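>>> My questions concern the predicted model and sequence given below.
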Amino acid sequence: MKAPCGFSLLELLIALVVAGLLASLAYPSYLNHVRKAQRVEVSALLMENAQRLERLYASGGRYDQGEVTGLHGQSPVRGRAVYRLAVQRQAQTFVLTAVAEAGGIMAGDVCASYSLNQAGQRTPADALCWRR
């Protein structure tokens with residue numbers, strides 16, 4: 001008589017339940033990691049854009065005169081946008097903003113909208129959004 005080989009239905013179901021349980025615990029952690037990476041990237045791009053505007057101000061004494069090359073318009077720089085970046089320039093001030101794309105991973109997040117001005121004021125003031 002041959003010994004049965006393979007898995008029984010009960011063993012297969014137990015393995016699927018264990019795999020599903022592990023996946024349900026790991027997926028939220030993965031999403032938090034992805035959100036944290038997106039926050040870091042958008043804050044770095046806003047700081048980089050601010051640095052380019054400060055170079056313009058240092059050379060001409062105004063933020064609104066001259067062309068600023070290399071300003072980023074989205075985060076991440078390549079691929080599908082998670083945030084849209086914009087700048088409002090006046091003679092002595094600027095405001096950089098980043099707004100999460102509707103329906104994206106960051107749309108409902110605390111850090112769905114960022115802004116940074118020439119004085120270094122950051123909103124939201126939540127430390128979660130502006131890690132140093």
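All right, it came through fine. Numbers count the residues shown, from 1 in each chain.
>>> so who does the residue nearest the centre of the chain touch?
Centroid-nearest residue in the chain, with Cα atoms, centre = their mean: Q38, separated by 2.2 Å. Q38 makes contacts with 75-76, 82-83, 105-106, as judged by Cβ atoms under 8 Å, 6 or more residues apart in numbering. (C-beta placed from N, C-alpha, C; glycine too.)
>>> Next up, identify which helix or strand it is on.
Take DSSP states H and E as the rule and Q38 turns out to sit in helix 9-60.
>>> Give me the helices and strands touching the helix or strand following that helix, please.
The first helix or strand that comes after helix 9-60 along the chain, using DSSP H and E, is strand 74-75. Contact analysis of strand 74-75 by 3 or more Cβ pairs under 8 Å, 6 or more residues apart in numbering; DSSP states H and E lists helix 9-60, strand 83-89 as its packing neighbours.
>>> Mind checking the pLDDT average for strand 74-75?
Mean per-residue pLDDT for strand 74-75: 92.
>>> which residues are contacting it?
By Cβ under 8 Å, 6+ apart, the residues outside strand 74-75 that reach it are 38, 41-42, 45, 81-85, 98.
>>> for it, the distance to its chain's centre please.
Taking Cα atoms, centre = their mean, to the nearest Å, the mean C-alpha location of strand 74-75 is offset from the chain mean by 8 Å.
>>> Also stretch 26-40?
9 Å.
>>> Please identify the buried residues of it?
The neighbour-count check on stretch 26-40 (16 or more other Cβ atoms under 10 Å) flags 35, 38-39 as buried.
>>> Can you lay out the residues you listed as JSON lines showing pLDDT?
Converted to JSON lines, those look like this (pLDDT from 0 to 100):
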{"residue": "R35", "pLDDT": "91"}
{"residue": "Q38", "pLDDT": "92"}
{"residue": "R39", "pLDDT": "91"}
